[in-house]
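Asks: Sharing a model prediction with you, sequence too.
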Amino acid sequence: MKNILNWPSLMLVLILALVISGCNTGGDSSSGSGGSGDNTSEAKGTIEQIKERGKLIAGVKYDTKLFGLKDPASGEVEGFDIDIAKALAKQILGDETKVELKEVTSKTRIPLLQNGDIDIIIATMTITDERKEQVDFSDVYFEAGQSLLVKNDSDITGLESLGGVKVLAVKGSTSAQNIREKAPDAEVLEFDNYQDAFTALKAGKGEALTTDNIILIGMQQTDNNYKLVGGNFTSEPYGMAIRKGDSAFVSEVNSLLKSLQDSGDYDTLHEKWLGAKPE
């Protein structure tokens, strides 16, 4: 009986059993892990996620009159970009009210898109080569140009007048970069959003505010003590931003733009918010 228990052999069997068990456990863990489920979720296109959720989540501005401005009294957000977001919700879900508007700024919009907090950016966003490395863009849906906003009695007439001048801009915008390149002797002060920048201009913290002309026109409409000067010194083609690689959603958004153009609804929206049909 004593010879039946061969301890070296028994130990070898136990070790082999543990190895085999470990391999099987590892395989099961890999095939059924949360990571695999997450990858499946990530593989879903934005359109599919929108339909499963039952609403479109659009990143829009809350501080940009004419394009996206929140009324503090009613809490409603209105503007050209807002109506584009509603039209997209109607195309995908059949109901323009099935849209959640989430506030973004020039600084936060790309991170929010990349993190999956929003489905699309519709927020006066200029298409640039640098941004194309981070997101995909729709076709151009609005053509703007950078300009300057100053007090009516200001001596500033354009870029040539900005030497030693404090110019206000918004963080994360192309405007701040452009003004540094085109007026290198100006002192650029950056703010989180357009409301803060305009408040700073009215408080005398700077002598000019720079961004896209149509945004400045919106500011001017709220306070006629200011004027635009210098004309448009850049081209700012706006596009809607989509997560990198989601070509199906890009096509969906572009089909919306074509539909709006073909039906005349784009001209109607342009006239509604900007006072005239596009030239």
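Replies: Received the coordinates, thanks.
Asks: so what are the domain limits for the protein?
Replies: Following automatic domain parsing, the chain resolves into domains at 46-143+237-274, 146-234.
Asks: got TSV for those, with mean neighbour count and mean pLDDT too?
Replies: In short, each C-beta sits where N, CA and C put it, glycine included. TSV is the format used below for the domains of the chain (neighbours: other CB atoms under 10 Å; pLDDT from 0 to 100):
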stretch	mean neighbour count	mean pLDDT
domain 46-143+237-274	18	97
domain 146-234	18	95
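Asks: and Ala208, bridged to which residues?
Replies: Beta-bridge pairing of Ala208 under DSSP bridges involves Val167.
Asks: Surely it and Val165 touch.
Replies: Yes - using CB atoms under 8 Å, Ala208 is in contact with Val165, at 6.2 Å.
Asks: which neighbours do the two share?
Replies: Taking CB atoms under 8 Å, 6 or more residues apart in numbering as the contact rule, Ala208 and Val165 both touch Ile156.
Asks: Grab the most central residue of the chain for me.
Replies: Ile121 (3.4 Å; CA atoms, centre = their mean).
Asks: Name the nearest residue to it, sequence neighbours excluded.
Replies: Spatial nearest neighbour of Ile121, excluding adjacent residues (CB to CB, 6 or more residues apart in numbering): Ala241 at 3.9 Å.
Asks: Now the one you found. Its backbone dihedrals?
Replies: When read as degrees, to the nearest 10, the backbone of Ala241 gives phi -100, psi 140.
Asks: Which strands or helices does whatever helix or strand Gln177 lives in pack on?
Replies: Assigned by DSSP states H and E, Gln177 falls within helix 174-182. Contacts defined by 3 or more CB pairs under 8 Å, 6 or more residues apart in numbering; DSSP states H and E place helix 174-182 against strand 146-151, strand 166-170, strand 187-191, strand 208-212.
Asks: Run through who's touching that helix.
Replies: Here helix 174-182 makes contact (CB under 8 Å, 6+ apart) with 126, 128, 146, 159, 162, 167, 169-170, 186, 188, 190, 210-212, 233-234, 236.
Asks: quick one on the thing from earlier: the residue nearest to Ile121 contacts Arg131, doesn't it?
Replies: Yes - contact criterion CB under 8 Å: Ala241 and Arg131 qualify, at 7.3 Å.
Asks: Give me the common contacts of these two.
Replies: 110, 125, 137.
Asks: right, and out of those, which lies closest to Leu269?
Replies: Ranked by distance to Leu269 (CB to CB), these are led by Met125 at 17.5 Å.
Asks: measure that closest one to Thr222 for me?
Replies: The gap separating Met125 from Thr222 is 22 Å, by CB to CB, to the nearest Å.
Asks: got it, and Ala186?
Replies: Distance from Ala186 to Thr222, by CB to CB: 25 Å.
Asks: And Met240, by the same measure?
Replies: Where Thr222 is concerned, Met240 sits at a distance of 26 Å (CB to CB).
Asks: before we move on, what about Val99?
Replies: Using CB to CB, Val99 is found at 26 Å from Thr222.
Asks: Same question for Gln91.
Replies: 32 Å.
Asks: And Ala183, by the same measure?
Replies: According to CB to CB, Ala183 and Thr222 sit 26 Å apart.
Asks: for Val167, same thing?
Replies: Between Val167 and Thr222 the computed distance is 20 Å (CB to CB).
Asks: And Lys98, by the same measure?
Replies: Per CB to CB, Lys98 is found 31 Å from Thr222.
Asks: what does Gln49 give?
Replies: Gln49 is 37 Å from Thr222, by CB to CB.
Asks: Kindly report the same for Ala73.
Replies: Between Ala73 and Thr222 the computed distance is 15 Å (CB to CB).
Asks: In this protein, what residue spans correspond to helices?
Replies: 7-32, 34-43, 46-53, 80-93, 109-114, 129-132, 174-182, 194-202, 213-222, 247-263, 265-274 (DSSP state H).
Asks: who wins for proximity to Tyr62 among those helices?
Replies: Nearest to Tyr62, of these and by CB to CB, is helix 194-202 at 8.6 Å.
Asks: So what touches that closest one?
Replies: With CB under 8 Å, 6+ apart as the criterion, helix 194-202 contacts 61, 63-64, 149, 168-170, 189, 191, 206, 208-209, 211, 215, 219, 223, 226.
Asks: go again using 7 Å as the cut-off
Replies: With contact meaning CB atoms under 7 Å, 6 or more residues apart in numbering, helix 194-202 is reached by 63-64, 168-170, 191, 206, 209, 211, 215, 219.
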